[in-house]
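Visitor: My questions are about this predicted structure, shown below with the sequence.
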Amino acid sequence: MTEQRGPGRVGLMRMMVITSRDAKRGRGHEDVARAALDAGCRAVQLRDKRMSDRDFAEVALRIRGACRERGALFLVNDRVDVACAVHSDGVHLGVDDIDVAIARKLLPPGSLVGFSPESVSGAGEAVRSGADYLGVGPVFRSPSKADAGEPIGVDGLSAYCREGLAPVIGVGGINASNAAGVLEAGAAGAAVGSAVARANDMEAAAREVLESLDPAAVT
């Protein structure tokens, strides 16, 4: 989707699925991504802290291809070099990753840059440096990320949304039962991980979350 790069495409992130691997179930990033896409998801983020650069890039290329077939966004978590190499639609960064302003210089013009702040002031700085959207959380306790910190709840999420700095994507412990509350707090969308990746039927789980966020998107 390189021909449509730009912050206006954040609207496709009503639900963004963050991929993960599950060796016990024999699932990889591609399995999660394809299940999400089959359910109607329009944004996928590849996230893996342990995979080698070579393997990560190879998986990224395949998921990028699947996303482009479906007209969906493909973002890379953390690794700006891989995002550039595979021509992803953008990158998502955290406070310990490369600076947003530097990432913006390295990425092709119009690439999406997301940022996960730890404070409202940090969020403002990131937006001034070029972040297109903010990934805020954990909204709820995350079963897949033990080091995510204490949940901020929908009230904490709402505090970021009220600032109006940039579109906010809620993240952390989001599933079909609580996703609607994320939108009610003012977020533009929700990032979903384990609710899809750990489900027995990933496509059905993704469709259920998507329907709770955007009933019109489910076919």
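Guide: All right, it came through fine. Computed from a predicted model, the values in this text were never measured in an experiment.

Visitor: Counting residues, which helix of the chain comes out longest?
Guide: In the chain, taking DSSP state H as the definition, the longest helix is helix 53-70.

Visitor: buried ones in it?
Guide: Residues of helix 53-70 classed as buried by neighbour count (16 or more other Cβ atoms under 10 Å): 56-57, 59-60, 62-64, 66-67, 70. Every C-beta, even on glycine, is put in place using the N, C-alpha and C of the backbone.

Visitor: is it possible to export these to JSON lines including pLDDT and distance to residue 139?
Guide: Below are these laid out as JSON lines (pLDDT from 0 to 100; distance: Cβ to Cβ, whole Å):
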{"residue": "56", "pLDDT": "97", "distance to residue 139": "27"}
{"residue": "57", "pLDDT": "97", "distance to residue 139": "31"}
{"residue": "59", "pLDDT": "98", "distance to residue 139": "27"}
{"residue": "60", "pLDDT": "98", "distance to residue 139": "27"}
{"residue": "62", "pLDDT": "98", "distance to residue 139": "30"}
{"residue": "63", "pLDDT": "98", "distance to residue 139": "25"}
{"residue": "64", "pLDDT": "98", "distance to residue 139": "28"}
{"residue": "66", "pLDDT": "98", "distance to residue 139": "28"}
{"residue": "67", "pLDDT": "98", "distance to residue 139": "25"}
{"residue": "70", "pLDDT": "96", "distance to residue 139": "27"}
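
Visitor: Now those in CSV, please, with extra columns for distance to residue 136.
Guide: Below are these laid out as CSV (distance: Cβ to Cβ, whole Å):
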residue, distance to residue 136
56, 25
57, 28
59, 27
60, 25
62, 29
63, 24
64, 26
66, 27
67, 23
70, 26
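
Visitor: right, and out of those residues, which lies closest to residue 160?
Guide: Comparing the buried residues of helix 53-70 against residue 160 with Cβ to Cβ places residue 67 closest, at 27.0 Å.

Visitor: any low-confidence regions in the chain?
Guide: Residue ranges of the chain with pLDDT under 70: 1-8, 144-148, 217-219.

Visitor: same thing but at 50, please
Guide: Within the chain, the segments meeting pLDDT under 50 span 1-6.

Visitor: could you pull out the helices for this protein?
Guide: Ranges of helices within the chain are 29-39, 53-70, 80-86, 100-106, 120-129, 153-163, 179-184, 194-197, 202-213, based on DSSP H.

Visitor: winner for burial among those helices?
Guide: Among the helices of the chain, helix 194-197 has the highest mean neighbour count (mean count of other Cβ atoms under 10 Å), at a mean of 24.

Visitor: Export only the CA atoms of that one, formatted as CSV.
Guide: The C-alpha trace of helix 194-197 is given here as CSV (Å, rounded to 0.1, in the frame of the first residue of the first chain):
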residue,chain,number,x,y,z
SER,A,194,-3.4,-12.7,22.6
ALA,A,195,-7.1,-12.4,22.2
VAL,A,196,-6.5,-13.5,18.6
ALA,A,197,-3.1,-15.3,18.7
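
Visitor: Dihedrals phi and psi, the residue in the chain sticking out farthest from the centre?
Guide: Most distant residue from the mean C-alpha position of the chain: residue 24, 23.9 Å away (Cα atoms, centre = their mean). The phi and psi torsions at residue 24 (degrees, to the nearest 10) take the values phi -60, psi -40.

Visitor: any idea how far residue 155 is from the closest residue to residue 202 other than its chain neighbours?
Guide: Distances taken as Cβ to Cβ, 6 or more residues apart in numbering place residue 35 nearest to residue 202, at 3.6 Å, with adjacent residues excluded. Distance of residue 35 to residue 155, given as Cβ to Cβ, to the nearest Å: 32 Å.
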